[in-house]
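S.K.: Here is a sequence with its predicted model. Questions after.
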Amino acid sequence: MFCVTCPPPTHWIHRAVRRKTSLVWLMLCVLVAGCGGSRDESAPTGATSDAQSDLGPTTPPTNPAAQSLTSEAVSEADATTQAGVAVNRADRSATPPADSALETPFSIANEQQAASAADPGERPLRPDLTPQQLLKYLADADGDMQLIASGRAGITDQQEALAKMRRIVRLKLEASRRLRDHSDSDPSTRDEGTRGELQSLSHLAGLGDLQAAIELEKLAETNLKSDDARLVADSRMVLIGFAIESLQNGEATAPQRIATLVNDLASSGSPPDVSAMMVMGQARQVLAQYGHREEAKQIRDAIIRLYGDASDPQIAKMAAQLAGNVEYDQIDRLLQQAIEGEVVDPETWSAAVQKLVIESADLQTVQYLAGAALQFEGLEQESLAAATYQKLAENFTDGDSATGREANLAIEAKRAREAVIGTSFATDAPSVDGSKLSVDDHRGKLVLMPFWAIGFPESLQLIPSLQAIADESPDQIAIVGVNLDRAEAPVSEFVEQNQLEFPSFRVESSATAEVANPLAAEFGMVSAPFIVVLDEEGTVASIDYTLDQVKKTILELRQ
């Protein structure tokens, strides 16, 4: 078992942090139902999920700060669109945001689902619709967006999906304004139109429309005076998003404004719903990351007060997760600094780790720390990685306990990665198509070897870039993959459908064996992307997690 429920330490971690897109993705997941499954986010950043994969030993996840995007379509969103968080009530379930994007680059489309759905984005907006018909149009528009965001619309081109999403949202905006201004609309229906307008502008802001973001902020400010409690709550959530953006841009008054808006939201006449809890949790996390511990604590207390004893156990669990832990806040701030390229003193990091262990020596802490260590490896900050593994070894010595086993697995995986460097790659596994395959066929070339599986899109994240590198130097660089799916997986069909041009070994994983995939375990594979680089003699020269690492390895091997 190895964890792929959280993103690996890849180049897009840095992009996600720099562009502050996590709030954008949170918005998209809330405003469209069916965005994906739930996940366990018991720690604010870096905690693991209960869901595991089937390829190697159970090991730590990596930092959910990178959870926001795998789709370039979504990552176009401007940082100003953070104000669009969670204002649509199309999905009021207790399901937290998922870790998928609008469309995974490598996926097998469900043709039956796609065929059964109406073509999203093609609903005509007739000029003679009644208020009730306009209300239905808004609901249908939300349903169409859900289809696209979940991939069930059968749209495989990201730009096409983005264009359709924009078209639907603009039609929804027009329908909302018509509903608001319709002569036959009663006051409550007009309020629904205004809420639809707020939602639509939020959608557009989330898709990178700067003018929509400007209009959204003005509309939210105006709606704070509304008699509709739901509209006021939605407007406050929008303004919390804008205040978070201001905090990230360095505005001194932003922390207090966030705290005030959250307090007003929490103190409203009607109890805030789940989407409000999610926004409050995001606000708490960002405040903590930027060192505003007092304001973060105020919001944490509000989350616990409002939702901690909810009758729905799922909501109560989410509240505990979103409320977070003060000690996680401190160590997470250091982790974010390292991710962003700032210098973090290993002794300072070790002290923070020890403080966290004293505060909470549980399985979640072990998984968080193991995930952080793996990230440090990906960032080539070996001193921080070594300090983390040392603390795991010192503090979790009981090999019979869950925490001890988890810590030992992380440490052993690290040792395996170190031990395999300098050895010759060897396997008698066949290729995906059943034919014989050998790395000896590529002697004299550098071999880029991605370990991948259909069920884990992250494992395919770098393949287009690897292919581009190989295409530039076909006489010097080759790609040979290692597929790790179970025997029943439709690997050949996947390769053909997605036009994977490189050969791959087929090293099947088992659901029942003590070690699900011996080759993955031998190489210490604990997350993805996972790229083994072989030198011209077929010797393992490096294990890389990011495109920058791969390029650096190639440069060094060519010298």
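M.R.: Everything's here; your move.
S.K.: Buried residues, stretch 552-559. List them.
M.R.: Across stretch 552-559, burial judged by 16 or more other CB atoms under 10 Å covers 553, 554, 557. (Each C-beta comes from the backbone N, C-alpha and C, glycine too.)
S.K.: what does stretch 288-307 give?
M.R.: Within stretch 288-307, the residues that count as buried by 16+ other CB under 10 Å are 288-290, 292, 295-300, 302-303, 306-307.
S.K.: again with stretch 351-367
M.R.: Buried residues in stretch 351-367 (16+ other CB under 10 Å): 351, 352, 353, 356, 357, 363, 364, 365, 366, 367.
S.K.: rewinding a little: nearest to residue 477, out of the buried residues of stretch 288-307: which one, please.
M.R.: The closest of the buried residues of stretch 288-307 to residue 477 turns out to be residue 289 (CB to CB; 39.4 Å).
S.K.: any idea how far residue 127 is from residue 381?
M.R.: 61 Å (CB to CB, to the nearest Å).
S.K.: Which of these two has more residues huddled nearby?
M.R.: Using other CB atoms under 10 Å as the criterion, residue 127 and residue 381 rank with residue 381 on top: 20 against 6.
S.K.: contacting residues around the closest residue to the more buried one other than its chain neighbours?
M.R.: Distances taken as CB to CB, 6 or more residues apart in numbering place residue 338 nearest to residue 381, at 6.0 Å, with adjacent residues excluded. Shown in contact with residue 338 (CB atoms under 8 Å, 6 or more residues apart in numbering): 344, 349, 375, 376, 379, 381, 384.
S.K.: between those, which has the most around it?
M.R.: Ranking the contacts of residue 338 using other CB under 10 Å puts residue 375 first, with 30 neighbours.
S.K.: Quickly find the element holding the residue nearest to residue 381.
M.R.: Per DSSP states H and E, residue 338 falls inside helix 326-339.
S.K.: quick one on the thing from earlier: the buried residues of stretch 351-367: which two are farthest apart?
M.R.: Between any two of the buried residues of stretch 351-367, the greatest separation by CB to CB is 22.1 Å, found for 351 and 363.
S.K.: Parallel or antiparallel, which strands does the biggest strand by length in the chain pair with?
M.R.: Criterion DSSP state E: the longest strand present in the chain is strand 446-452. If you go by DSSP bridges, strand 446-452 pairs up with strand 477-479 (parallel), strand 481-483 (parallel), strand 531-534 (antiparallel).
S.K.: Can you list the buried residues in the lengthiest helix in the chain?
M.R.: Criterion DSSP state H: the longest helix present in the chain is helix 158-181. For helix 158-181, a neighbour-count test (16+ other CB under 10 Å) marks 158, 161-162, 164-166, 168-180 as buried.
S.K.: coming back round to it: the buried residues of stretch 288-307 into TSV, with extra columns for distance to residue 496 and secondary structure?
M.R.: As requested, the buried residues of stretch 288-307 are exported to TSV (distance: CB to CB, whole Å; DSSP: H, G, I helix; E, B strand; the rest coil):
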residue	distance to residue 496	secondary structure
288	47	helix
289	44	helix
290	48	coil
292	53	coil
295	54	helix
296	51	helix
297	55	helix
298	56	helix
299	51	helix
300	51	helix
302	53	helix
303	49	helix
306	52	helix
307	48	helix
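S.K.: Count the residues that sit near residue 228.
M.R.: 17.
S.K.: so which of the contacts of residue 338 comes closest to residue 249?
M.R.: Nearest to residue 249 among the contacts of residue 338, with distances taken as CB to CB, is residue 344, at 23.3 Å.
S.K.: Against residue 370, how distant is the closest residue to that closest one other than its chain neighbours?
M.R.: Nearest non-adjacent residue to residue 344, counting by CB to CB, 6+ apart: residue 338, 4.7 Å away. According to CB to CB, residue 338 stands 15 Å off from residue 370.
S.K.: likewise residue 244?
M.R.: For residue 244 relative to residue 370 (CB to CB), the value is 29 Å.
S.K.: if we can go back for a sec, of the buried residues of stretch 552-559, which is the nearest to residue 271?
M.R.: Distance to residue 271, by CB to CB, is smallest for residue 553 among the buried residues of stretch 552-559, at 54.5 Å.
S.K.: I'd like the C-alpha coordinates of the host helix or strand of that closest one written as PDB, please.
M.R.: When secondary structure is defined by DSSP H and E, residue 553 falls within helix 547-558. What follows is helix 547-558, C-alpha atoms only, in PDB (Å, rounded to 0.1, in the frame of the first residue of the first chain):
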ATOM      1  CA  LEU A 547      10.400  17.700 -13.800                       C
ATOM      2  CA  ASP A 548      13.100  20.000 -12.600                       C
ATOM      3  CA  GLN A 549      14.800  17.000 -10.900                       C
ATOM      4  CA  VAL A 550      14.600  15.000 -14.000                       C
ATOM      5  CA  LYS A 551      16.200  17.700 -16.100                       C
ATOM      6  CA  LYS A 552      18.900  18.200 -13.500                       C
ATOM      7  CA  THR A 553      19.700  14.500 -13.500                       C
ATOM      8  CA  ILE A 554      19.900  14.400 -17.300                       C
ATOM      9  CA  LEU A 555      22.200  17.400 -17.400                       C
ATOM     10  CA  GLU A 556      24.500  15.700 -14.800                       C
ATOM     11  CA  LEU A 557      24.600  12.400 -16.600                       C
ATOM     12  CA  ARG A 558      25.500  14.000 -19.900                       C
END
